[in-house]
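Asker: Could you work out the structure for the sequence below:
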Amino acid sequence: MSVYLLILTTTLCTITGQLILKRAVTALKPLLQSGPIDFLIGAAFSPLVIAALSLQVLGYVAWLFVLSKSQLAVAFALSGSSFYLLMAVASWYFFGERLGPSQWFGLVLISVGVVLVTISHPAPGAA
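Answerer: Next up, the predicted model:
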């Protein structure tokens, strides 16, 4: 399997897991009024929290294979940059969250930095 596909798998598992976790926490907010223990117990038995954690574990399994085939700095930069951009779009789409122009500019700068990191090193899998 291509290391790029594994990086994408890790990134998508993380993003999807975080989106599910945000939805779960929003549903569990009323439990905070009873105290943090009730909130944590509710979270521990929430099907959404369990699904989010399962996706995170799947992402970590894919990441193990990424680390076996690629340089950590390059793989992490690729995953991180795509994570920031995709999460910004997904949080806007699913939760109506908005970023300002300076925040988008920061995301563009991160992406430019990733391009510089990846073009200065051998391709993933060449480690």
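
Asker: Could you pull up the mean pLDDT of stretch 34-45?
Answerer: Per-residue pLDDT over stretch 34-45 has a mean of 93.

Asker: To clarify, my last question referred to stretch 73-87.
Answerer: Average pLDDT, stretch 73-87: 84.

Asker: Give me the contacts around it.
Answerer: With contact meaning C-beta atoms under 8 Å, 6 or more residues apart in numbering, stretch 73-87 is reached by 3-4, 7-8, 10-12, 14-15, 18, 66-67, 107, 110-111, 113-114, 117-118, 121, 124. For the C-beta atoms, the positions are set from N, CA and C on the backbone; glycine is no exception.

Asker: among these, which ones are buried?
Answerer: Among these, those classed as buried by 16 or more other C-beta atoms under 10 Å are 3, 7-8, 10-12, 14-15, 18, 66, 107, 110-111, 114, 117-118, 124.

Asker: Which ones among those lie within helices?
Answerer: The helices, defined by DSSP state H, take in 3, 7-8, 10-12, 14-15, 18, 66, 107, 110-111, 114, 117-118 from those.

Asker: Can you tell me which of those residues lies closest to residue 98?
Answerer: Checking those against residue 98 by C-beta to C-beta gives residue 107 as the nearest, at 13.2 Å.
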